[in-house]
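**Q** Give me a 3D structure for the following:
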Amino acid sequence: MAMKVIGLLGGMSWESSLHYYRLVNERVKARRGGLHSARCIMYSLDFAEIEALQHEGRWDETGVILADAGRRLEQAGAEVLVLCTNTMHKVAGAIEEAVEVPLLHIADATAAAVRERGFETVGLLGTRFTMEERFYAARLEERHGLRVLVPADEERALVHRVIYEELCLGQVSPQSRSAYERIIAGLAQNGAQAVILGCTEIGLLVGDSRTPVPLFDTTKIHAEAAADYALE
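**A** Residues are numbered from 1 along each chain as shown. Sure thing, here's the model as predicted:
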């Protein structure tokens, strides 16, 4: 059976895009065996440009940039698109409108994994945009029936700062790991049965061997969902 070509829209940050490439190929190898690897194309953006627009609230402009990148991937032969970032799914609609091929939404893949484990109430960590705006939590709630909890304001600020000032730069701090683990424990105390790592870099910092509830690493879930789709 022919394998579909995956278009990886990455660079936001390249630290997590690197893991997408590895995880997609590991999944294909696990399912096909031997020397099999994924048929994929990556278009990697300059994250400094995107990050500046994010913090200035110029989301329409980021949508134009990502839509153009999606078209380029489609023109290069991609048969399915994977946006390798949680936050930029805020403009997923702009990409979908620009291309004919499907875009695999990270929140849908994650919700399916959460539901498969039988959980209904989840904590959500990510950038302030992901935790505070409705584009992500609303999709989890309205399309998949999940109840979504987020940390308190000061904790959200810490989670956001660590993402941009450390994880996106490839820095992993024991102090930040401990802080994230405390925040996850607090979400569990407030009723979260599991916690979604809703930023593709957070999986570089924490794992569920040290947390009171399971963690759902969106990078791993999304990448494996893409590989499975390509192998259908």
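**Q** Can you name the residues that contact the residue nearest to the spatial centre of the chain?
**A** Per C-alpha atoms, centre = their mean, the C-alpha nearest to the average position across the chain is that of Asn86, at 3.7 Å. With contacts defined as C-beta atoms under 8 Å, 6 or more residues apart in numbering, Asn86 is in contact with Ile106, Ala107, Gly126, Thr127, Thr130, Tyr136, Gly198, Cys199, Thr200, Thr218. Where C-beta positions appear, they are placed from N, C-alpha and C, glycine not excepted.
**Q** Against Lys4, how distant is it?
**A** As for Asn86, its distance to Lys4 is 23 Å (criterion: C-beta to C-beta, to the nearest Å).
**Q** if we can go back for a sec, and the pLDDT for the residue nearest to the centre of the chain?
**A** pLDDT for Asn86: 94.
**Q** next one: the one 5 residues further on
**A** On the pLDDT scale, Val91 is placed at 97.
**Q** same thing with Glu201?
**A** At Glu201, pLDDT is 88.
**Q** Make sure it is actually in contact with Ser13.
**A** Yes - if you go by C-beta atoms under 8 Å, Glu201 and Ser13 touch, sitting 6.4 Å apart.
**Q** Give the residues shared as contacts by those two.
**A** Contacts common to Glu201 and Ser13, judged by C-beta under 8 Å, 6+ apart, are Leu167, Cys168.
**Q** hang on, the earlier thing: now for the contacts of Asn86, which pair is the farthest apart?
**A** Distance extremes for those: the farthest pair is Ala107 and Thr127 at 14.0 Å, using C-beta to C-beta.
**Q** What is the burial count for Ala138?
**A** 12 (other C-beta atoms under 10 Å).
**Q** List phi and psi for it.
**A** phi -60, psi -40 (degrees, to the nearest 10).
**Q** mind starting the numbering at 82 from now?
**A** With the count now opening at 82, the last piece we talked about shows up as Ala219.
**Q** How much space separates it from Val180?
**A** 23 Å.
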